[in-house]
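Enquirer: Next one to model:
(2 chains)
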Amino acid sequence: TNFNHKNVCRVAFTSLAADPSVVNLGQGFPDIPPPSYVKEALAKAVSVDRMNQYTRGFGHPPLVKALSQVYGHVYGRPIDPFKEVLVTVGGYGSLFSTMQGLVEEGDEVIIIEPFFDCYVPMVRMAGAKPVFIPLRLKSGKKSITSADWYLDPDELSSKFTSKTKAIIINTPNNPIGKILTRDELQMIADLCIKHDTLCFSDEVYEWLIYRGQQHVKIATLPGMWERTITIGSAGKTFSVTGWKLGWSIGPQHLIRHLQTVMQNTLYTCPTPLQEAVAQGLMLNMELIGQPECYFTSLAEELEGKRDRMAAIVQEAGMTPVIPEGGYFMLVDVSALNQDLSDMKTDDDDDEAYDYKFVKWMIKKKKLAAIPVTAFVSDQSTKDFEKYIRLCFIKVSNTLMLIKSYFKQCLNASFHTV
Amino acid sequence: NPANRQSIKQTNKHRVEFTQLAAEYKAVNLGQGFPDFSPPQFITEAFCKAVSGGPPMHQYTRAFGHPALVQSLAKFFSRIVGHDIDPFEDILVTVGAYQALFCAFQALIDEGDEVIIVEPFFDCYQPMVVMAGGKAVYVPLRPVSGTAVLSSGDWVLSAEELASKITPHTKAIVINTPNNPLGKVYKREELQMIADLCIKHDLLCFSDEVYEWLTYDGAKHVKIASLPGMWERTVTIGSGGKTFSATGWKVGWAMGSGHILKYMKTIHQNSIYHCATAAQEAVAQGFEREHELFGTPQSYFQQLPAMLHHRREKLASSLKGVGLQPIMPEGGYFMITDISSIAVDFKDSDTKDENYDFRFVKWLIKEKGLATIPVSAFYSPEHSKEFDKYIRFCFVKENSTLDAAEEILKKWSQNESSH
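Expert: Down below sits the predicted model:
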């Protein structure tokens, strides 16, 4: 098992942060309640006998039909619920089914940094080699928003070889929150078509788009539907990460390989949960364009929290990177010039600055975050080690608590140990 | 391994195919292995209670298993296995027992390893071995000759035949007790024989025990992991779905020594990572209740087998009533029946290259409206022709479903006798 990886670090930080006196801004899940109608739909589903037994392996019919309707509308094309949709155990399960189904031994897979940390072990588990390309910060700009990171066209082009099977994109991006623009997606699409590669588009945060931004699906660009798997998540859509339901959408000739993997790994996903998500989707389908539609109302709610978090971080003397989408925020901690010499661990003297900073912040300030170099390859560590990742999908009380924790830090001075 | 992944494409196809056929012909479905009655009220109530619990019930829980669940499983099973099970080291919660099997094969079987599978086997074992780069080696349960084969207990594993299958490449042996499709419940002596070989040749044992609470006629389920020298080399797999008649919840687990489980945890972490929280909470509550009521008449683990005992009898008598020979299962959800005494003219020339039982099952769905599963689907290609005269029925159904099946069988038998 040669794919023990930085996930281990995330797990390790989770246990450090599990101390109840620590305020956890690290892990990416809401402490806001999910909409009541999805919980009600779940309770109702369990009261129907048939809903407690196995359903269709590739996805509960009401759910795949609901997905086909919602996404048919979003994509502007008909989507076959039985052949072009697969329901999986979270977006994570879709990523796994995609890699296992489509990536082969000896392939190369291009990964844009920073990346959701499971991509690398999944690529390796499929016997393939990850090839990295970092998002780069526009020079001369003090980083302010996620839009200030870009993909260098020549650099990207140079990563495509005859062995490239696919490129993985994540938009909105975890951890930066960048939303790839239409032009950037077109640049990626052109390369995919030129080199006949696949595109795995992780769009789990697709609804969390802030004012003035637009989420574009690369699968809607010419020539891309037939070579793209698009991944979505009920957990992120309805603030129910603990339901672990996701989906892959794509052309039949690709989806059928994911279905084979599904058939040989866990066979079906839980029925009552799928039924409840189906109902949640149909309900919101009716509300598209209206203020009550959760696909837009959640983003509005989170935009306020994003701005509050940014203000709190600034008051504490750090620099936030305002995300265009998603529910994470990068924070540049370098202005604090924090002395972390006493956070040296025995086994890793070369531990990146952000790892040491996060450990220090947990131990001394009772605040947990995630070091951003957990999301990059070794070669990019130096470019990202001044950032930590905070999650802002938190209730008002939590945000107020964070504000007061930071205030205490300021009063006690962040600069003393 | 891509070649392996491509080669498993066509297996499992028949399960999907028969389900579709049964739906198309609106057949009385005794094929698929799930109850058509409701789970017990206490478990659905536990689920509803979890759903109305605070926000944490709807967010990620501990990746290797919701703490309440692993703790209640450890408490419950330590007593049975006779070993202090560590909830955090020795248990992995998975999306159904199916995913536990997947993790076991992926984690513990390397390229070139041989895995001994006892036939008839739940059909996912073979593709999972292949997907892990391993090679499946089969040894069949055989009906004892010279006696009327009336019970699953009459199907036995030959110690010599099993020993002859072990080579220096053998990594593990997979057993399923109670067995799907046959219903055999391995006796202690039989498990001891397998254990002796595992210890002698330093093999792992994957023990699929999803039907562990469903034993009939006084048959006792024995956990191979409880035999001396076996805890450290056995992965025992269980199912919340089968335990609480809620197959659609997909909560399963693997239990075993931490030094083995840790590899399975890595696979889990890189494939699924977390399982649904609320379902795990509900199953935890189910085990808490059963822990209190263990051995008493209110225990679901007493009530369910008692109820199914009668369903089993009912189906068996319907089958015997039309001249079929069922093999009484000692445990599990299923009953197999010898169909060799029936002569059928398959007018369907499309299927002439398929095994006899496959053709029979399709004919039975289309002509009689009764759905079953052909038993040779649970055999390796090399042995399937030897065992192609059996079909599998699931009796974990409402009385009304079994009555409907009986009607079909009676009418069929009357048609035959009027020719």
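Enquirer: Which strand residues bridge B:Thr170?
Expert: Beta-bridge pairing for B:Thr170 (DSSP bridges): B:Glu114.
Enquirer: how close does it get to B:Pro140?
Expert: Per CB to CB, to the nearest Å, B:Thr170 is found 17 Å from B:Pro140. Using the backbone N, CA and C atoms, a C-beta is placed for each residue, glycine as well.
Enquirer: Poorly predicted segments of chain A, please.
Expert: Flagging of chain A using pLDDT under 70 yields the residue ranges A:1-18, A:142-143, A:344-349, A:409-417.
Enquirer: In it, which helix is the longest?
Expert: Counting residues, the longest helix in chain A under DSSP state H turns out to be helix A:294-315.
Enquirer: Just the CA coordinates for that helix, please, in PDB.
Expert: Provided in PDB are the C-alpha atoms of helix A:294-315 (Å, rounded to 0.1, in the frame of the first residue of the first chain):
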ATOM      1  CA  TYR A 294     -31.800  26.400  -2.100                       C
ATOM      2  CA  PHE A 295     -29.400  26.200  -5.100                       C
ATOM      3  CA  THR A 296     -29.200  30.000  -4.900                       C
ATOM      4  CA  SER A 297     -30.300  30.800  -1.300                       C
ATOM      5  CA  LEU A 298     -27.500  28.800   0.300                       C
ATOM      6  CA  ALA A 299     -24.900  30.800  -1.700                       C
ATOM      7  CA  GLU A 300     -26.500  34.100  -0.600                       C
ATOM      8  CA  GLU A 301     -26.400  33.000   3.000                       C
ATOM      9  CA  LEU A 302     -22.800  31.900   2.700                       C
ATOM     10  CA  GLU A 303     -21.600  35.100   1.000                       C
ATOM     11  CA  GLY A 304     -22.400  37.000   4.200                       C
ATOM     12  CA  LYS A 305     -20.500  34.400   6.200                       C
ATOM     13  CA  ARG A 306     -17.600  34.700   3.800                       C
ATOM     14  CA  ASP A 307     -17.400  38.400   4.200                       C
ATOM     15  CA  ARG A 308     -17.700  38.200   8.000                       C
ATOM     16  CA  MET A 309     -14.900  35.600   8.100                       C
ATOM     17  CA  ALA A 310     -12.700  37.800   5.900                       C
ATOM     18  CA  ALA A 311     -13.200  40.800   8.200                       C
ATOM     19  CA  ILE A 312     -12.400  38.700  11.300                       C
ATOM     20  CA  VAL A 313      -9.200  37.400   9.600                       C
ATOM     21  CA  GLN A 314      -8.100  40.900   8.700                       C
ATOM     22  CA  GLU A 315      -8.700  42.300  12.100                       C
END
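Enquirer: so what strands line up beside the helix or strand that it is followed by?
Expert: Counting by DSSP states H and E, the next helix or strand C-terminal to helix A:294-315 is strand A:319-321. Here strand A:319-321 is paired, per DSSP bridges, with strand A:328-332 (antiparallel).
Enquirer: Give me the helices and strands touching the helix or strand that comes right after the strand it pairs with, please.
Expert: Per DSSP H and E, the first helix or strand lying C-terminal to strand A:328-332 is helix A:353-365. Counting contacts by 3 or more CB pairs under 8 Å, 6 or more residues apart in numbering or on different chains; DSSP states H and E, helix A:353-365 is packed against helix A:7-17, strand A:367-368, strand A:370-371, strand A:387-391.
Enquirer: Confirm B:Val149 sits in a helix?
Expert: No. The assignment for B:Val149, made by DSSP: H, G, I helix; E, B strand; the rest coil, is coil rather than a helix.
Enquirer: Return the distance of it relative to B:Val156.
Expert: 11 Å.
Enquirer: which of the two has more neighbours?
Expert: A side-by-side neighbour count of B:Val149 and B:Val156, using other CB atoms under 10 Å in any protein chain shown, places B:Val149 first with 17 against 14.
Enquirer: So the more buried one is in contact with B:Arg142, correct?
Expert: No. In this structure, B:Val149 is not within contact of B:Arg142 by CB atoms under 8 Å, at 9.9 Å.
Enquirer: Would you mind listing the residues touching both of these two?
Expert: Common contacts of B:Val149 and B:Arg142 (CB atoms under 8 Å, 6 or more residues apart in numbering or on different chains): B:Trp155.
Enquirer: so where do the helices sit in the stretch 51-200 of chain B?
Expert: Secondary structure of the stretch 51-200 of chain B by DSSP state H, counting those that start in this stretch: the helices cover B:67-81, B:96-108, B:125-131, B:159-164, B:188-200.
Enquirer: Which parts of the stretch 151-300 of chain A are helices?
Expert: Using DSSP H, counting those that start in this stretch, helices in the stretch 151-300 of chain A cover A:153-159, A:182-195, A:234-237, A:252-265, A:271-287, A:294-315.
Enquirer: again with the stretch 251-400 of chain B
Expert: With DSSP H, counting those that start in this stretch as the criterion, the stretch 251-400 of chain B has helices spanning B:258-269, B:277-293, B:300-321, B:356-363, B:399-417.
Enquirer: can you redo those as CSV with distance to chain A, mean pLDDT and mean neighbour count?
Expert: What follows is those, written out as CSV (distance: least, CB to the nearest CB, whole Å; pLDDT from 0 to 100; neighbours: other CB atoms under 10 Å in any protein chain shown):
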stretch, distance to chain A, mean pLDDT, mean neighbour count
helix B:258-269, 5, 97, 20
helix B:277-293, 4, 97, 23
helix B:300-321, 14, 95, 17
helix B:356-363, 19, 92, 22
helix B:399-417, 12, 89, 15
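Enquirer: Now distance to A:Glu324 too, for those, in a markdown table please.
Expert: A markdown table is the format used below for the helices of the stretch 251-400 of chain B (distance: least, CB to CB, whole Å):
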| stretch | distance to A:Glu324 |
| --- | --- |
| helix B:258-269 | 30 |
| helix B:277-293 | 30 |
| helix B:300-321 | 52 |
| helix B:356-363 | 56 |
| helix B:399-417 | 55 |
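Enquirer: so which of those comes closest to A:Gly235?
Expert: Proximity to A:Gly235 (CB to CB) singles out helix B:277-293 among the helices of the stretch 251-400 of chain B, at 10.5 Å.
Enquirer: tilt between that closest one and helix B:67-81?
Expert: 40 degrees (axes from the mean of the first three to the mean of the last three CA atoms, to 10 degrees).
Enquirer: residues touching the residue in the stretch 301-417 of chain A that chain B sits nearest to, list them.
Expert: Minimum separation of the stretch 301-417 of chain A from chain B (CB to the nearest CB) falls at A:Val395, amounting to 8.5 Å. Contact partners of A:Val395, counting by CB under 8 Å, 6+ apart, are A:Asp31, A:Ile32.
Enquirer: quick one: A:Gln214 from A:Val22, how far?
Expert: Applying CB to CB to A:Gln214 and A:Val22 gives a distance of 37 Å.
Enquirer: these two touch, right, B:His66 and B:Ala282?
Expert: No. Using CB under 8 Å, B:His66 is not in contact with B:Ala282; the gap is 10.0 Å.
Enquirer: Enumerate every residue touching B:Pro178.
Expert: B:Lys184, B:Val185, B:Glu209, B:Tyr211, B:Glu212, B:Leu214, B:Thr215, B:His221, B:Pro329, B:Glu330, B:Gly331, B:Gly332.
Enquirer: one more time with 7 Å, if that's ok
Expert: Going by CB atoms under 7 Å, 6 or more residues apart in numbering or on different chains, B:Pro178 touches B:Lys184, B:Val185, B:Tyr211, B:Leu214, B:Thr215, B:His221, B:Glu330, B:Gly331, B:Gly332.
Enquirer: which one among these gets closest to chain A?
Expert: Using CB to the nearest CB, the contacts of B:Pro178 come closest to chain A at B:Tyr211, 15.3 Å.
Enquirer: Secondary structure element holding the closest residue to chain B within the stretch 51-200 of chain A?
Expert: Across the stretch 51-200 of chain A, the shortest distance to chain B (CB to the nearest CB) belongs to A:Glu104, at 3.6 Å. Element membership for A:Glu104 (DSSP H and E) is empty, with no helix or strand holding it.
Enquirer: Now B:Lys75. Nearest residue, chain neighbours left out?
Expert: Spatially, and ignoring its direct neighbours in sequence, B:Lys75 is nearest to B:His291 (6.3 Å; CB to CB, 6 or more residues apart in numbering or on different chains).
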